[in-house]
Each structure stands twice: as C-alpha cells, then as structure tokens.
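Colleague: Sequence first, then the predicted structure, then my questions.
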Amino acid sequence: MKYNFDQIWEDFSGKIRTYISRRVSNPSHIDDILQEVFIKIHLHMDGLKGDSKISSWIFKIAHNTVIDFYRKQKAILLPLHEECSAKNESCDSAACEIASGLEEMVYTLPEKYAKALILVEFSGLSNKEASHKLGISVSGVKSRVQRGRKMIKDSLMRCCHFVFDRFGT
C-alpha cells in the first residue's frame, strides 16, 4: 500500500505534537522535533510494508527522535508512560497524574540512580543490558535501582498521605 505524505501529516501531526509536548519540557523544541519526525517519515515511508500499522511506525519514529534529542542535549530521557500515550489525548486519569509526579521525582534523584532506574524500570532493560549501557557491574545496577526506588518511596511518604489496607496495598 502506498501512503500519501500529505495525508499522513494531516492525520498525525497533531497527535505527534501532543506526544512530543508531553516528553519535552521546552516548548521551543517541540516544532523542531516534529519537523525531524516528519523528515524521517518522508525519507523512509517507501520502506513501510503494506501490512504494517502506520500509526505504530510513526509513534516509534517520534519516540526515537525524542530519545535522539535528549541524547544530543545530554539530558536524562524519561520513559514513555503507556497510560499517557498520545493515543489517549486527555491525560486526566489518576495513573497519568501519578506517572507525571513520579517523572518529576526521578528528575530530583542523583543522576546515577535516575539513569539506572529509568533504564531498568521504564525502558524495560534487563539488569545486564543496563550494566552494559552504564558501564558498571550488574550488582551495581541492582544497587542503584534499589536505592533509587527507596529514594522515590521516601519522597512519596514525606509528601503524600497514603491509606493502606491490611495487606499493605
């Protein structure tokens, strides 16, 4: 199936802009990243197979472009939250609120703990894969993830009131 670039722009530019704006804090970068996404789409759309789901492909390009942006900025990339994906344009669920709060808390962690936590918990890498990316031992990754979790838990307990049932949930 041959895709029309103008139709792709019309159908997806708003959704991709929203997706990017939820992941990039500086509004001046949103249009630059959006432009890069659509340049990549234009350059590679001939390779898209007819039975491929175009929306998944486009959002994967957007995701990778945001990652590239943060790599260039030497900043920590926070994860994608499935509950708050661009498919759900309104982010009013409790899960989205919690996710954005956790996102902010991860930013406050010391960098070594934040990186390990993001790679393992949010990006879904194994401890071994994260150890290769970070250049540390597997046990070092486990320690950093555990300490990062504890720091976030302590932060949550200081700032929020939680009610638990008899099972601790």
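Modeller: Sure thing, it's come through.
Colleague: where do the helices sit along the chain?
Modeller: 5-21, 27-44, 54-73, 94-108, 111-117, 127-134, 138-159 (DSSP state H).
Colleague: Give me the buried positions along the last one.
Modeller: It stands for helix 138-159. For helix 138-159, burial by neighbour count (16 or more other Cβ atoms under 10 Å) applies to 140-141, 144-145, 147-149, 151-152, 155. From N, CA and C alone the C-beta is placed, and that goes for glycine too.
Colleague: Can you pull out the low-pLDDT segments for this protein?
Modeller: 1-2, 49-52, 73-100, 168-169 (pLDDT under 70).
Colleague: rewinding a little: pick the most buried one from the helices of the chain.
Modeller: With neighbours taken as mean count of other Cβ atoms under 10 Å, the helices of the chain reach their highest mean count in helix 111-117, at a mean of 20.
Colleague: Does anything pack onto that one? Which helices or strands?
Modeller: Here helix 111-117 touches helix 94-108, helix 127-134, helix 138-159, going by 3 or more Cβ pairs under 8 Å, 6 or more residues apart in numbering; DSSP states H and E.
Colleague: Quick check, Ala116 in contact with Arg144.
Modeller: Yes - look at Ala116 against Arg144 with Cβ atoms under 8 Å: they come within range, at 3.6 Å.
Colleague: on that earlier part again, can you lay out the buried residues of helix 138-159 as CSV showing distance to Lys40?
Modeller: Listed next are the buried residues of helix 138-159 as CSV, based on distance: Cβ to Cβ, whole Å:
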residue, distance to Lys40
Gly140, 35
Val141, 31
Arg144, 33
Val145, 32
Arg147, 37
Gly148, 32
Arg149, 35
Met151, 36
Ile152, 34
Ser155, 37
